[in-house]
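Enquirer: let me see the structure of the following:
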Amino acid sequence: MEKLSLSAWLDEANASTLSFGRFCLQTQALELELTEIELSERMKQTLSVMQQAIAYGLTGVRSTGGLVGGVGLQLQQYSTGDQAARSLLGPLAAKAAAYALAANEANAAMGKICAAPTAGSSGVLPGVLFAIAEDRGINQDDLSVALLVAGAIGMVIASRASLSGAEGGCQAECGSAAAMAAGAVVDLLGGSPDQVGHAAALALKNLLGLVCDPVAGLVEVPCVKRNAGAAIIALLAADMALAGIKSVIPIDEVIDAMATVGRAMNADLRETGLGGLAATPTGLECAERIFGAKNHPLE
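Expert: Numbers count the residues shown, from 1 in each chain. Down below sits the predicted model:
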């Protein structure tokens with residue numbers, strides 16, 4: 001099967017003098033045999049699930065494994081309350097990080113989430129999009145187009161590499177989510193198709209090689225907190241691209257490199273819970289505490 005090319009799509013959008021978001025709306029509506037309004041409404045339903053996941057996470061829910069819980073709320077309170085002056089992040093970045101934590105905590109607590117592109121990375125895109133929407137007063141129609149941009153980037157990554165932590169490590173999950181979010185933000189803020197591609201490439205490059213090492217085999221540690229880090233990287237990549245900074249390596253080649261790196265990873269570092277942080281003394285203690293030595297899920 002021929003691989004998809006984000007560079008080719010970006011060139012088509014440029015040639016049509018369309019924003020990449022408008023290009024995605026038109027082409028995807030045609031492929032799905034929907035009107036643009038119908039497709040936009042579908043995206044709004046997805047946005048609603050994302051928004052509800054953030055809200056649920058911000059209630060301070062705890063994960064089923066008990067390893068995480070309440071950190072989204074904790075960061076939100078720290079960055080907006082009496083200690084806000086101490087926060088090193090600006091209000092927008094702090095909100096994006098808090099929302100990313102909260103949405104992924106909703107996943108860890110078995111709440112309803114949108115895999116964006118996976119459950120383990122489900123906080124990055126919602127965190128970034130809703131923080132910016134609130135900060136800039138962006139409406140649901142424009143957010144729905146941004147979601148299509150993110151989806152297009154995700155489709156290309158799935159085609160050329162993988163979105164699976166078991167196949168490519170966390171670079172395939174949080175890395176892909178950061179690339180999707182960065183590209184979506186650039187389009188949302190009026191960036192060109194070329195800038196969308198550079199933003200996605202810059203974000204993914206900064207997470208290239210990230211391993212998937214869930215403690216006790218659960219999508220809790222370090223997954224939840226990685227979502228916050230990936231959200232910040234997405235914002236930085238978007239800002240760099242909007243400033244005119246370019247990725248020397250084109251986006252398709254960055255994705256191909258991610259695929260190569262993923263194949264080179266030891267199996268212990270690809271969601272098996274056998275290496276990395278999962279294999280530390282504390283990680284092993286957590287697994288034994290949750291499952292018991294005789295019922296370890298990875299044995």
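Enquirer: can you get me a residue count around residue 124?
Expert: Applying other CB atoms under 10 Å, we find 36 other residues in the vicinity of residue 124. Any C-beta I mention is one placed from the backbone N, CA and C, and that applies to glycine too.
Enquirer: er, residue 73 actually
Expert: Applying other CB under 10 Å, we find 18 residues neighbouring residue 73.
Enquirer: that one: helix or strand, and which one exactly?
Expert: In this assignment (DSSP states H and E), residue 73 forms part of helix 71-80.
Enquirer: which of the residues in the helix or strand just after that helix are buried?
Expert: Once helix 71-80 ends, the next helix or strand along the chain (criterion: DSSP H and E) is helix 91-108. Neighbour-count burial for helix 91-108 flags 93-108 (criterion: 16 or more other CB atoms under 10 Å).
Enquirer: shaky segments in this structure?
Expert: In the predicted model of the chain, residues 293-299 satisfy pLDDT under 70.
Enquirer: in space, not sequence, find me the middle residue of it.
Expert: The chain has residue 177 as the residue nearest its centroid, 2.5 Å off, counting by CA atoms, centre = their mean.
Enquirer: list the contacts of that residue.
Expert: 116-118, 121-122, 124-125, 227, 230, 234 (CB atoms under 8 Å, 6 or more residues apart in numbering).
Enquirer: okay, and it sits in which element?
Expert: helix 174-188.
Enquirer: so what does the helix holding residue 73 touch, helix or strand wise?
Expert: Helices and strands in packing contact with helix 71-80 are listed as helix 36-57, helix 91-108, helix 223-242; criterion 3 or more CB pairs under 8 Å, 6 or more residues apart in numbering; DSSP states H and E.
Enquirer: how about the strands in the stretch 151-299 of the chain?
Expert: Under the criterion DSSP state E, counting those that start in this stretch, the stretch 151-299 of the chain carries no strands.
Enquirer: which stretches of it form helices?
Expert: Taking DSSP state H, counting those that start in this stretch to define them, one finds helices in the stretch 151-299 of the chain at 165-168, 174-188, 193-205, 223-242, 251-264, 281-291.
Enquirer: point out the most buried one among those helices.
Expert: Counting by mean count of other CB atoms under 10 Å, helix 174-188 has the highest mean neighbour count of the helices of the stretch 151-299 of the chain, with a mean of 33.
Enquirer: and it, how far out from the chain's middle?
Expert: Here the centre of helix 174-188 is set off from its chain's centre by 7 Å, with CA atoms, centre = their mean, to the nearest Å.
Enquirer: how close does the residue nearest to the centre of the chain get to residue 78?
Expert: Per CB to CB, to the nearest Å, residue 177 is found 24 Å from residue 78.
Enquirer: re the thing from before, quick one: the residue nearest to the centre of the chain from residue 123, how far?
Expert: For residue 177, the distance to residue 123 - CB to CB - is 8 Å.
Enquirer: what residues are shared contacts of the two?
Expert: With CB under 8 Å, 6+ apart as the test, residue 177 and residue 123 both reach residue 227.
Enquirer: now for the helices and strands packed on helix 71-80, which one comes closest to residue 189?
Expert: Taking CB to CB, helix 223-242 is the member of the helices and strands packed on helix 71-80 nearest to residue 189, at 6.4 Å.
Enquirer: okay, angle between that closest one and helix 91-108 too, please.
Expert: 140 degrees (axes from the mean of the first three to the mean of the last three CA atoms, to 10 degrees).
Enquirer: just to revisit the earlier point, can you list the residues that contact the helix holding residue 73?
Expert: With CB under 8 Å, 6+ apart as the criterion, helix 71-80 contacts 54, 57-60, 84, 86-87, 89, 91, 94-95, 97-103, 105, 224-225, 228.
Enquirer: just stretch 239-251 next, same as before
Expert: Applying CB under 8 Å, 6+ apart, the external contacts of stretch 239-251 come out as 6-7, 10, 156, 179, 182, 186, 189, 191, 195-202, 204-205, 254, 257.
Enquirer: can you count the residues close to residue 78?
Expert: Using other CB under 10 Å, residue 78 has 16 other residues around it.
Enquirer: scratch that, residue 265
Expert: By other CB under 10 Å, the burial measure for residue 265, its neighbour count, is 19.
Enquirer: now the nearest residue to residue 266 once chain neighbours are set aside: how far from residue 108?
Expert: Distance criterion CB to CB, 6 or more residues apart in numbering; nearest residue to residue 266, sequence neighbours excluded, is residue 275 at 6.6 Å. As judged by CB to CB, residue 275 and residue 108 stand 21 Å apart.
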